[in-house]
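K.L.:
The sequence and its predicted three-dimensional model are supplied below.
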Amino acid sequence: MKNILCIGAGYVGGPTMAMIAKKCPDYKVVVVDINAERIAAWQSENLPIFEPGLKDLIKETLNKNLFFSTDVAGNIDKADIIFVSVNTPTKTFGLIQKVKPENSHPDCTPTPQLMLLIKTVILMTKKQHISQL
């Protein structure tokens, strides 16, 4: 069974992974987030967001092949495919804080955190290629 991980259980991550879980029943789909309240909401009757049909989709896949967790690091190690679906940086907070309002492109000046993310993505890609040999 392939393992899909999504980092970020918000407006994009949760619904997208629910649909992937429905369409790919042979895949284990895990959505992780550091916000324990949000994870608990995804596992309850009171979902953190509303989309038409989402509640039924979650009921159909939850704890079958769709799982929500706060264990980010533990699930990264198990993943074959990783999606990153986190907040868009703004001018006042986030990893990249300089957004030019005239064109809304973030300033991606290399920082230690950004370089770590890039190295992690490269390592994940290498891991995937090695496992296919």
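P.N.:
That came through fine. Numbering: from 1, shown residues only.
K.L.:
alpha carbons only for contacts and neighbour counts from here, please
P.N.:
Will do.
K.L.:
Helices of the protein, residue ranges please.
P.N.:
Using DSSP state H, the helices of the chain run over 13-23, 36-42, 54-61, 72-78, 112-131.
K.L.:
Can you tell me which of these has the worst average pLDDT?
P.N.:
The weakest mean pLDDT among these belongs to helix 112-131, with a mean of 47.
K.L.:
So residue 12 sits against residue 83, correct?
P.N.:
No: between residue 12 and residue 83 there is no contact under CA atoms under 8 Å: 10.5 Å.
K.L.:
State the distance from residue 22 to residue 15.
P.N.:
Look at residue 22 and residue 15: by CA to CA, to the nearest Å, they are 11 Å apart.
K.L.:
same check, this time on residue 1
P.N.:
Using CA to CA, we find residue 1 at a distance of 21 Å from residue 15.
K.L.:
more neighbours, those two?
P.N.:
Shown here are residue 1 and residue 15; by other CA atoms under 10 Å, residue 15 has more neighbours (19 against 8).
K.L.:
Not counting sequence-adjacent ones, nearest residue to the more buried one?
P.N.:
Leaving aside its sequence neighbours, residue 15 sits nearest to residue 54 (CA to CA, 6 or more residues apart in numbering; 6.9 Å).
K.L.:
isn't the one you found right next to residue 16, touching?
P.N.:
No: counting by CA under 8 Å, residue 54 stays clear of residue 16, with 10.0 Å between them.
K.L.:
Return the set of buried residues in stretch 59-68.
P.N.:
By neighbour count on 16 or more other CA atoms under 10 Å, the buried set for stretch 59-68 is 61, 62, 65, 66, 67, 68.
K.L.:
hmm, who's touching it?
P.N.:
For stretch 59-68, the external contacting residues (CA atoms under 8 Å, 6 or more residues apart in numbering) are 17-18, 21-22, 25-32, 39, 42-43, 58.
K.L.:
Spatially, which two of the residues you listed are the most separated?
P.N.:
Of all pairs drawn from the contacts of stretch 59-68, the greatest distance, 22.7 Å, lies between 26 and 39 (CA to CA).
K.L.:
Counting neighbours, go ahead and name the busier of these two.
P.N.:
A direct count of neighbours by other CA under 10 Å for residue 26 and residue 39 places residue 39 higher, at 23 against 12.
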